[in-house]
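Q: Here's my sequence, what's the structure:
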Amino acid sequence: MFQAKDVTQLTADFVSSSGEIGWDDNAATFEINITSPYHGEYQLANWLGPEMAPGVFKEHWESFVTESDFEYLSGIGINMVRIPVGYWIASDPNPPKPFVSGSLQVLDNAFDWAE
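A: Numbers count the residues shown, from 1 in each chain. Below is the predicted model:
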């Protein structure tokens, strides 16, 4: 029988447009405040350009979430993760410009680690 103790709720702080810390209506939604005007892979890749973007994204992919993060999650009893994926990953290794190739391998790594 399903019981409330079987569910773990994951919530995230958010900062409203007025600067107040609070909670959103959807516990799975959170806002990240950064000072850069480039708030997404498309904008950042355009801004960095085809020469610089691959190195920046590769460095990010290799360090942002790692196998040890999955080991930690498993060790504390987490048995499910949610990974947002952009549509362009289906075209990897030749995604539409300005997206950078390599993201499909990163997702494959996450699947392996999650196993």
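Q: wait, isn't Phe57 in contact with Val100?
A: Yes - between Phe57 and Val100 there is a contact at 4.6 Å, judged by C-beta atoms under 8 Å. Heads up, the C-betas are built off the backbone N, CA and C, glycines and all.
Q: Compare the two and say which one has the larger neighbour count.
A: Val100 (23 against 20; other C-beta atoms under 10 Å).
Q: mind checking how far Val100 is from Leu73?
A: 26 Å (C-beta to C-beta, to the nearest Å).
Q: Please identify the buried residues of stretch 56-65?
A: Across stretch 56-65, burial judged by 16 or more other C-beta atoms under 10 Å covers Phe57, Trp61, Val65.
Q: Just the pLDDT for the residue nearest to the second one when sequence neighbours are not counted.
A: Computed as C-beta to C-beta, 6 or more residues apart in numbering, the closest residue to Trp61 that is not its neighbour in sequence is Val106, at 4.5 Å. Val106 carries a pLDDT value of 94.
Q: Double-check that Val106 belongs to a helix.
A: Yes - counting by DSSP: H, G, I helix; E, B strand; the rest coil, Val106 is found in a helix.
Q: who's in contact with Phe111?
A: By C-beta atoms under 8 Å, 6 or more residues apart in numbering, no residues touch Phe111.
Q: Test for you: state the pLDDT assigned to it.
A: Reported pLDDT at Phe111 in the predicted model: 95.
Q: For stretch 54-67, which outside residues touch it?
A: Under the criterion C-beta under 8 Å, 6+ apart, residues Glu41, Leu44, Ala45, Leu48, Val100, Ser101, Gly102, Ser103, Val106, Asn109, Ala110, Trp113 lie in contact with stretch 54-67.
Q: The first one: neighbouring residues, count only.
A: For Glu41, the neighbour count with other C-beta under 10 Å is 18.
Q: Many thanks, I have nothing further to ask.
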